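*Asks:* Sequence plus the predicted model coming up.
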Amino acid sequence: MADISVDSGRAPRERMEVRRVPFSYEQRSTKERVGHWNQGSPEFSHIVNSGSLAMPYLEPYLIRTMRAARDKITDPQLQKELDFYCAQESTHFRQHKKFNDTLSEAGYVAVREIEARVDRDYKKLGEKKSLKFNLAYAEGFESMALAIGEMLIEDREYLFGNSDPAVASLILWHFVEEIEHKNVTFDVFKHLHASYFWRMLGLVYATGHIFWRMGQGYRDLLREDGLWSNFKSRWRMLKLLGRIMKNVLPKWLRIWRPSYHPSQVPDPTWGLDWAALFDASPEGAANLDTTRLHEPQPVALT
Ligand SMILES: [Fe+2]
Ligand SMILES: [Fe+2]
């Protein structure tokens, strides 16, 4: 485990840490038990599964983009932050891959096509688009991820309550670290380009792209479970998406302010408490008690 204390003068003091969190996923008896890790909400389970399936393609693309920019950066502190960003993203997609493998091993045949679609997209973006565009995409994605991370943490009891502790812990860990590195792509983009138009282009493109692909992914997974044509499931999905949009939209809209900087977004206390829990007990941080998510605490050992 390594950590960096960043005091760059550009933003308030922040801390980023590369953590090896010991997640382990229980063997489940049926395909649905694996896919519906939140049994109370197969719909939210598959929204998250669809996002998770994109990570081993999206995050390596972000890393490639940032590494391509590294030599153009004249600020050594920003280069150091960029390296930590890449190290954090690298642990993220490796952990997601382990979880994603449980979905394909459980028998979800849609996994292959969902992965192939995003793999093609990110290869194409990397090959065909300019570094400026890809940096704008990376910043757009990260600003959106910060808004989503805040929303997930604020609404954690509704979204993750009583779900599989390993999967809930994986997702919440990922977003705690997304919040930790919230400034890096913004500062890199600003350092090299400082264009409001391109920043907005990246935000709109990245948001539209990832929502489109995630939508296709959860639809395919729900279809495979026979739930896409189920009226009750569709109604639950509509209500869930309405709730998510209502909570995320104001956070997403603030990114449009010309004076926006991610450091203006205060770190949620729960995320800071999670980091302290990890320092005390990595196993505990990998197994949050989803019946008591108001504060980060591990499943009690019996
Ligand atoms: Fe990440
Ligand atoms: Fe990130």
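*Replies:* Cool, the structure landed. Residues are numbered from 1 along each chain as shown. Ligands and ions are numbered 1, 2, ... in the order given.

*Asks:* Buried residues of the helix or strand harbouring residue 211, list them for me.
*Replies:* Taking DSSP states H and E as the criterion, residue 211 maps to helix 196-224. Judged by neighbour count (16 or more other C-beta atoms under 10 Å), helix 196-224 contains these buried residues: 198-199, 201-203, 205-207, 209-210, 213-214, 216-222, 224. In short, each C-beta sits where N, CA and C put it, glycine included.

*Asks:* same deal with stretch 240-258?
*Replies:* Residues 240, 244, 247-248, 251-252, 255 are the ones in stretch 240-258 that count as buried (16+ other C-beta under 10 Å).

*Asks:* can I get those residues in TSV with distance to ligand 1, secondary structure and pLDDT?
*Replies:* Below are these laid out as TSV (distance: C-beta to the ion, whole Å; DSSP: H, G, I helix; E, B strand; the rest coil; pLDDT from 0 to 100):
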residue	distance to ligand 1	secondary structure	pLDDT
240	23	helix	98
244	19	helix	98
247	20	helix	98
248	17	helix	98
251	18	helix	98
252	18	helix	98
255	18	helix	98
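
*Asks:* In JSON lines, list those residues along with distance to residue 25.
*Replies:* Output for those, formatted as JSON lines (distance: C-beta to C-beta, whole Å):
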{"residue": "240", "distance to residue 25": "23"}
{"residue": "244", "distance to residue 25": "24"}
{"residue": "247", "distance to residue 25": "28"}
{"residue": "248", "distance to residue 25": "27"}
{"residue": "251", "distance to residue 25": "30"}
{"residue": "252", "distance to residue 25": "31"}
{"residue": "255", "distance to residue 25": "34"}
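
*Asks:* Would you confirm that residue 162 contacts residue 40?
*Replies:* Yes: at 6.1 Å, residue 162 and residue 40 qualify as touching, with contact defined as C-beta atoms under 8 Å.

*Asks:* Pull stretch 217-229 out as CSV, backbone CA atoms only.
*Replies:* These are the backbone C-alpha positions of stretch 217-229, laid out as CSV (Å, rounded to 0.1, in the frame of the first residue of the first chain):
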residue,chain,number,x,y,z
GLY,A,217,-25.7,-3.7,-20.7
TYR,A,218,-28.3,-3.8,-18.0
ARG,A,219,-31.1,-4.4,-20.6
ASP,A,220,-29.2,-7.4,-21.9
LEU,A,221,-28.7,-8.8,-18.4
LEU,A,222,-32.3,-8.3,-17.4
ARG,A,223,-33.4,-9.8,-20.7
GLU,A,224,-31.4,-12.9,-19.9
ASP,A,225,-33.1,-13.2,-16.6
GLY,A,226,-36.5,-12.8,-18.2
LEU,A,227,-37.1,-9.6,-16.4
TRP,A,228,-36.9,-7.0,-19.2
SER,A,229,-40.4,-8.0,-20.3
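
*Asks:* Show me the contact partners of it.
*Replies:* 32, 35-36, 42-43, 46-47, 49-51, 53-54, 108-110, 113-114, 233-234, 237 (C-beta atoms under 8 Å, 6 or more residues apart in numbering).

*Asks:* Apply 10 Å and report the result again.
*Replies:* 31-32, 35-36, 42-54, 103, 107-111, 113-115, 117-118, 230, 233-234, 236-237, 241 (C-beta atoms under 10 Å, 6 or more residues apart in numbering).

*Asks:* buried subset of the residues you listed?
*Replies:* Here, 16+ other C-beta under 10 Å leaves 32, 35-36, 42-54, 103, 108, 110-111, 114-115, 117-118, 233, 236-237 buried among these.

*Asks:* Near ligand 1, which residues of the protein are found?
*Replies:* 89, 92 (C-beta under 5 Å from the ion).

*Asks:* any idea how far residue 192 is from the closest residue to ligand 1 within the chain?
*Replies:* Using C-beta to the ion, the single residue of the chain nearest to ligand 1 is residue 92, 3.6 Å away. Per C-beta to C-beta, to the nearest Å, residue 92 is found 24 Å from residue 192.
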